[in-house]
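> sequence-free structure coming up:
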Ligand SMILES: O=P(O)(O)OC[C@H]1O[C@@H](O)[C@H](O)[C@@H](O)[C@@H]1O
């Protein structure tokens, strides 16, 4: 799921850079199609002022690719059921899960359009692009066994390609960060401009998440805990889920200073790397050690 989210978001950045899509909240102010200053007044909200280009929608793309992975993964269990009742149950689950999938996607799309941050075609494009990325990964089983080297190579590729693309176009006098001044100019409240939403902030977050995942999955802590004998126990899994959710909430309290841009990027990378590392390696290892100690005491 993290692979799909990261690569999906990276493609979203590249598509945004290629498509040069405007966002409604600034477009209505600049377009010449409304005569005599009769442009409609679009209400803005604290989350309206996204600073990147608008097409395709990153939220729609992220949501559709991640949910697509979850739904297809869940359905791959029920498809193994063979008797007649099980087939009916599979069909019911199929309809239920895909209905949920589409309700979520439509809600995300409507909300992005409602807050004036996207045009309808941008969110629709986002949903289908996300499904495409997720479907491509269904046919890439190699990610399941990727080594740390592979994670680092992928990270370097994603970073060098995006930076190279940005710099090459800059040499041609095309500024891919053209949307940031527009956002700053037309956002109703300067406090709503968030550095988190700039194209490079997203890139750094994604690189951090993939690196943290690679580090976690290839660590001794992961092998000992998630590949050990406890890993199949329901109690181990439930404890891991609960502890991970609690720890992730704590990460939300860490606010990264935004006054120095480079420091922001470095800290943002570290925070994004720490999150999957915690969930994949640290938490399971702690739970595993705790269970081992308790078992010893009971014996
Ligand atoms: O394109 P949307 O739906 O406004 O989404 C923007 C978001 O898109 C994501 O892809 C980026 O990682 C975020 O940094 C950004 O805020």
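All right, it came through fine. Remember, it's a predicted structure, so these values are computed and weren't measured experimentally.

> and the residue of the stretch 151-299 of the chain nearest the ligand?
residue 202 (2.8 Å; CB to the nearest ligand atom). (Glycine included, C-beta is placed from N, CA and C.)

> list the contacts for that residue?
9, 13, 52, 58 (CB atoms under 8 Å, 6 or more residues apart in numbering).

> give me the mean pLDDT for stretch 251-261.
Per-residue pLDDT over stretch 251-261 has a mean of 89.

> up against the ligand, what does the stretch 1-150 of the chain have?
Neighbours of the ligand within the stretch 1-150 of the chain, by CB under 6 Å from any ligand atom: 9, 12, 50, 52, 57, 58, 59, 62, 112, 117.

> now, among the residues you listed, which is nearest to the ligand?
When those are compared for distance to the ligand (CB to the nearest ligand atom), residue 58 wins out at 2.2 Å.

> ok, that closest one - contacts?
9, 12, 13, 16, 52, 126, 202.

> so residue 251 versus residue 144, what's the distance?
Distance, residue 251 to residue 144, using CB to CB, to the nearest Å: 26 Å.

> ok, those two, which is more surrounded?
Between residue 251 and residue 144, counted using other CB atoms under 10 Å, the more crowded position is residue 251 (12 against 8).

> ok, and what's touching the helix or strand where that one lies?
Assigned by DSSP states H and E, residue 251 belongs to helix 234-252. The contact list for helix 234-252 (CB under 8 Å, 6+ apart) reads 230-231, 271, 274-275, 278-279, 283-284, 286-288, 290-291.

> got it, and stretch 171-188?
So stretch 171-188 is contacted by 17, 20, 22-23, 25-26, 29-30, 44, 48-54, 165-166, 169-170, 190, 193, 198-199 (CB under 8 Å, 6+ apart).

> can you flag which of the residues you listed belong to helices?
17, 25, 26, 29, 30, 165, 166, 169, 170, 199 (DSSP state H).

> farthest pair in these?
Maximum pairwise distance in these, criterion CB to CB, is 28.6 Å, between 29 and 165.

> where does pLDDT dip in the stretch 151-299 of the chain?
Scanning the stretch 151-299 of the chain for pLDDT under 70 picks out no residues.

> hey, where'd the helices end up in it?
179-186, 199-217, 220-226, 234-252, 261-277, 283-298 (DSSP state H, counting those that start in this stretch).

> of those, which is nearest residue 151?
Between those, helix 199-217 lies closest to residue 151; by CB to CB that is 2.6 Å.

> so that closest one versus helix 179-186, what angle?
Helix 199-217 runs at 120 degrees relative to helix 179-186, counting by axes from the mean of the first three to the mean of the last three CA atoms, to 10 degrees.

> could you give the angle of helix 199-217 to helix 283-298?
30 degrees.

> got the buried residues for helix 199-217?
Using 16 or more other CB atoms under 10 Å as the test for burial, helix 199-217 gives 199-217.

> ditto for stretch 228-241
Under the neighbour-count criterion of 16+ other CB under 10 Å, stretch 228-241 has 228, 230, 236, 239, 240 buried.

> quick one, what contacts the first one?
I take that to be residue 228. Residue 228 neighbours (CB under 8 Å, 6+ apart): residue 288.

> try 10 Å
The neighbours of residue 228, taking CB atoms under 10 Å, 6 or more residues apart in numbering as the test, are 222, 236, 284, 285, 288, 291, 292.
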